[in-house]
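Trainee: I'll drop the sequence and a predicted model, then ask my questions.
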2 protein chains.
Amino acid sequence: MALDPSKRPPLKPGETKEPVYFPEERDGWHGYIEWEKYPEKKAEAARILSKYQFELPPEFQLVPLPNTNPVLEGSRFKQYHEVMGPTLKNVPAESWETVLEEKAKDMIHVLQFPYNGEPPRERLAENEITSNEDFFVRNHGGIPRIDADKFVLEIGGLVNNPRTFTLKELQDESVFPRQSNIVTIQCSGTRRIEQIHEYPGDGDELINAPWGEGAIGNARWTGVSLKKVIKACGGLKDGAKHLEFVGAETYFKKGQVYNYAVSVPWRKVQRNEVLLAWEMNGKPLPKIHGYPLRTVVFGYIGARSCKWLYRINALKAPSEGPVQKKEYLYFNPQIGKHNSTYSSGFSIQDMPVSSAIMTPKDKAVIVHDGKIRIRGWAYSGGGHFPERIDVSGDGGSIWYEVPQENCTTKYFYGWRLWWIDLPVDAEGWLEIVARCWDDALNTQPTYVRSAWNWDLHVTSSCHRIKVYSVNKTRPKTARRLAELEKHGRGLEPISLPLPFEQEPDDEYEAETARLRGRDPLE
Amino acid sequence: MALDPSKRPPLKPGETKEPVYFPEERDGWHGYIEWEKYPEKKAEAARILSKYQFELPPEFQLVPLPNTNPVLEGSRFKQYHEVMGPTLKNVPAESWETVLEEKAKDMIHVLQFPYNGEPPRERLAENEITSNEDFFVRNHGGIPRIDADKFVLEIGGLVNNPRTFTLKELQDESVFPRQSNIVTIQCSGTRRIEQIHEYPGDGDELINAPWGEGAIGNARWTGVSLKKVIKACGGLKDGAKHLEFVGAETYFKKGQVYNYAVSVPWRKVQRNEVLLAWEMNGKPLPKIHGYPLRTVVFGYIGARSCKWLYRINALKAPSEGPVQKKEYLYFNPQIGKHNSTYSSGFSIQDMPVSSAIMTPKDKAVIVHDGKIRIRGWAYSGGGHFPERIDVSGDGGSIWYEVPQENCTTKYFYGWRLWWIDLPVDAEGWLEIVARCWDDALNTQPTYVRSAWNWDLHVTSSCHRIKVYSVNKTRPKTARRLAELEKHGRGLEPISLPLPFEQEPDDEYEAETARLRGRDPLE
């Protein structure tokens, strides 16, 4: 799909176009505008945005998703950038170039801009460490381009000695010990498509992307613990309880502009579970993943692992940024467009235990001899890890434990991949279900319905797929498969009728007679 | 959608086109070819069919249905008629003209040819008697055009005195007492779309149409009891147990041609439950519904109510016609394309108890003050009738009886329409469920899964819809509705984000303080 960065939205009646110029802020930083320090610039941006008629978000939740890649385009967010003038107008096109340059060719582009994409499910489940090319991306804005040499991180707010650090200073091992951890990052939207299919929810302005099971990845992240950096600033002032991370991209919400901002509690930082990372799997961060510096918050929703991190503020309370305060909220199931308020949801930080079946795919037709191989991932955030994975072949009545030897190694902050050869006798459509138990004995809600919520976050219910089981050890089935082969046909598409008679007349008569006829006796 | 009757399929490699001429059979009969009496004609037709490469049935079960009307076109069946020469080639176009002439303008055309269509659901649920214009149509072939004056019905097979009757003779009340009954006819495909959505099944050559809840109708049918006509033929010979009905349309199956043929047991006829009908709701049968004569088999699947009936054969066993022997079979859920045989299913004759919610529609957003009005139908075939209808607003835990005064009159062979003002307190997505109990205390399977079967017949499980409940007696909801109105917006589309902030900052702070802050105390 071609990206048209000059797709300008129409002006509202009575409005006139005027020159717009929010200049680049710093040498070596492209695509970054400082909004948070300049309320007057924010107001000017809001005034400009109010002049245009932007496209509405696509109403994909009540109609099927298009069979395209990108699945959704994000025209409105492209338009927002376009009307902000030269600093941002090419950012959508540049971001897409970065996708093509840095990500695997066969990514599923769930949203073209801001880029949201996940890798093919079978490859994700094959590798304990997700490659940088395959790692899912959930961006909230365009990708800024920042020279590492020109990069500075500011630490401010309620710290005793506010100051800045260059990347080199952070990387000076004589000052900061290097920390490296296997950490899984998961978007709270993982498996959202299941919630959408059952009950549509908030089609937020920045689309709540229709993720499958691939908005999760596991990598080795290297950098410095934020705790040490705060210590190097003389520690926190009294009353400071949260650390806010500000990213360089521009974020749009309800006609206002922001820099991306989120926060985590100081408690979390104290446990060395917040890393300022510059390496991903032993390589410098890809641009799309936050180059040159990002946070990696262990066990939390991915949204807190702020990319293109350039400022940290110590605060008394959670960040007032819309991503922290107004999004990623978890509502009770009676809350929706008709009554939702930001105060009525709680903030999603720790991620619960969850799992997914990655192969076979939903609606797959599987010819087998009594066992079906199932592969997947299991993960628990919030300081926990997967202890046991169970799989059911009958919708959740009988469960088989995945042998521990079929699971990858336990890490405190990482997922486990697993496989099982599930005993399957029955034929036809079966419901395969997976669930995980973590070390605190947390397990997953039973059905999507059990935990549906308006913003469609955290689809952590038992993962269910339907497969069409064909047990070739059964004589009638073996015979049918041979007949199909003789005709040069396969079973699929499963709904395509057989090109031959299902049963010769003589066999029909013999079988009907054996079954004592079609009619009752008297 | 334009119909292209001359859309000829390509010949197979090495085949050459040749003139084809199966002439019209009788004066005053158009679109009728007699196949069953002439095996050599059947063989010739099969030879011609084998020369062409016909389109495959559309694979709609694993992908969403097109948002078109007609939903499906039936190109392959048009092509079959095209290659049969002048007697049949214009039948698809003529049949479509008949649809436009005889049916309501807003029918949902589920399949253009052979014509399958159902009326808008809200109108169907409003009228105890379904009008001829609204009555669903499930045809298996083109619509023959037969002059009533030239019409003859043959009665043969194991009757003591085989003979023919003109329509006038059948209508002679000095010979045959007139019989008139309110009878519901239901296609076994009613609500099939629910089975397709959950688990795809047989995409039979003549497409198992993706029906909604409208493949059912209730009419007054007038004619003569078949029992009396058989009596006028001197009764049945020893051993005769089934009566086969042959219709004048041409039916295609796996490269062979047939006249439509089905059968019912003599027991059924003896009870005066099989009518040879020429009137529908006091008017001559519409052409599309079988003019000039059809059977109406009370309590049975609609497929036995043979249209354009022109021959009846008394047989020892059920009809060998493919519609009777090879279709409308009910399989166990482990049977499918990989192992199905005709002898492993049983024939669907009597229809079980079922019901459907007709309004509101699935995924509707309903603003109410504590009650939601639900309307629907309930029906039981097989000699039974609906006694009680229950409705649940919570997925099937708490049930409310529909007051008897909200149900239409009981008929032995007819449906009942019903409505209830269901008490609803909760908001958000709710699952409304309906079920019926008949006079034999039969009720409906709980879930679609409970009774899924390969041919996707008889979706008689409790009918479930999802509605988005907005209870305007709740203060937060009332306030949001007022805000939306102030902005000139409605709630729908429900997934479109609010164009304004959900909560002012001061209210957020006050509410968060009232809730004792976001953080735990220590």
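Mentor: The structure has been received and is ready for your questions.
Trainee: any chance you could map the helices in chain A?
Mentor: All helices of chain A, identified by DSSP state H, fall at A:39-49, A:75-83, A:86-89, A:91-102, A:121-124, A:167-170, A:192-198, A:226-232, A:266-270, A:322-325, A:475-486, A:505-514.
Trainee: relative to B:L329, which of the ones you listed is closest?
Mentor: Closest of the helices of chain A to B:L329 is helix A:505-514, at 11.5 Å (criterion: CB to CB). Quick note: C-beta positions are derived from backbone N, CA and C, even for glycine.
Trainee: give the buried residues for the closest one.
Mentor: A:Y508, A:T512 (16 or more other CB atoms under 10 Å in any protein chain shown).
Trainee: check stretch A:104-122 too.
Mentor: Buried-residue list, stretch A:104-122, by 16+ other CB under 10 Å: A:107-121.
Trainee: switch the helices of chain A over to CSV; also include mean pLDDT and distance to A:N208.
Mentor: Formatted as CSV, those follow (pLDDT from 0 to 100; distance: least, CB to CB, whole Å):
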stretch, mean pLDDT, distance to A:N208
helix A:39-49, 97, 21
helix A:75-83, 95, 13
helix A:86-89, 96, 23
helix A:91-102, 98, 19
helix A:121-124, 96, 20
helix A:167-170, 98, 33
helix A:192-198, 96, 7
helix A:226-232, 98, 29
helix A:266-270, 98, 25
helix A:322-325, 96, 13
helix A:475-486, 97, 43
helix A:505-514, 95, 54
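Trainee: dump the ones you listed into a markdown table; add distance to chain B as well.
Mentor: Formatted as a markdown table, the helices of chain A follow (distance: least, CB to the nearest CB, whole Å):
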| stretch | distance to chain B |
| --- | --- |
| helix A:39-49 | 13 |
| helix A:75-83 | 11 |
| helix A:86-89 | 22 |
| helix A:91-102 | 20 |
| helix A:121-124 | 17 |
| helix A:167-170 | 29 |
| helix A:192-198 | 8 |
| helix A:226-232 | 18 |
| helix A:266-270 | 9 |
| helix A:322-325 | 8 |
| helix A:475-486 | 4 |
| helix A:505-514 | 4 |
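Trainee: pipe these into CSV and attach distance to A:L430 per row.
Mentor: Formatted as CSV, the helices of chain A follow (distance: least, CB to CB, whole Å):
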stretch, distance to A:L430
helix A:39-49, 51
helix A:75-83, 41
helix A:86-89, 51
helix A:91-102, 37
helix A:121-124, 19
helix A:167-170, 53
helix A:192-198, 18
helix A:226-232, 47
helix A:266-270, 42
helix A:322-325, 41
helix A:475-486, 14
helix A:505-514, 26
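Trainee: re earlier: what two of the buried residues of stretch A:104-122 are the furthest from one another?
Mentor: A:F113 and A:R121 (23.3 Å).
Trainee: which parts of the stretch 301-450 of chain A sit against chain B?
Mentor: Within reach of chain B by CB under 8 Å from any CB of the partner chain, the stretch 301-450 of chain A has these residues: A:317-318, A:325-326, A:333-344, A:346-347, A:363, A:395, A:426-429, A:431, A:449.
Trainee: go again using 6 Å as the cut-off
Mentor: Counting by CB under 6 Å from any CB of the partner chain, the stretch 301-450 of chain A comes close to chain B at A:333-334, A:336-343, A:426-429.
Trainee: which ones are touching the nearest residue to A:A45 once chain neighbours are set aside?
Mentor: Distance criterion CB to CB, 6 or more residues apart in numbering or on different chains; nearest residue to A:A45, sequence neighbours excluded, is A:V257 at 4.3 Å. A:V257 makes contact with A:W35, A:K42, A:A45, A:T250, according to CB atoms under 6 Å, 6 or more residues apart in numbering or on different chains.
Trainee: could you save those residues as TSV and add columns showing neighbour count?
Mentor: Formatted as TSV, the contacts of A:V257 follow (neighbours: other CB atoms under 10 Å in any protein chain shown):
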residue	neighbour count
A:W35	19
A:K42	16
A:A45	26
A:T250	26
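Trainee: residues in contact with stretch A:14-21?
Mentor: The contact list for stretch A:14-21 (CB under 6 Å, 6+ apart) reads A:I48, A:K51, A:G85.
Trainee: which parts of the stretch 301-450 of chain A are strands?
Mentor: Taking DSSP state E, counting those that start in this stretch as the criterion, the stretch 301-450 of chain A carries its strands at A:309-315, A:329-330, A:346-347, A:354-359, A:364-368, A:371-379, A:386-392, A:399-401, A:416-423, A:428-438.
Trainee: can you give me the angle the last one makes with strand A:371-379?
Mentor: Which is strand A:428-438. Angle of strand A:428-438 versus strand A:371-379, following axes from the mean of the first three to the mean of the last three CA atoms, to 10 degrees, is 30 degrees.
Trainee: other SSEs contacting strand A:428-438?
Mentor: Applying 3 or more CB pairs under 6 Å, 6 or more residues apart in numbering or on different chains; DSSP states H and E, one finds that strand A:428-438 contacts strand A:354-359, strand A:386-392, strand A:463-471.
Trainee: dump the ones you listed into JSON lines; add mean neighbour count as well.
Mentor: Below are the helices and strands packed on strand A:428-438 laid out as JSON lines (neighbours: other CB under 10 Å):
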{"stretch": "strand A:354-359", "mean neighbour count": "26"}
{"stretch": "strand A:386-392", "mean neighbour count": "22"}
{"stretch": "strand A:463-471", "mean neighbour count": "22"}
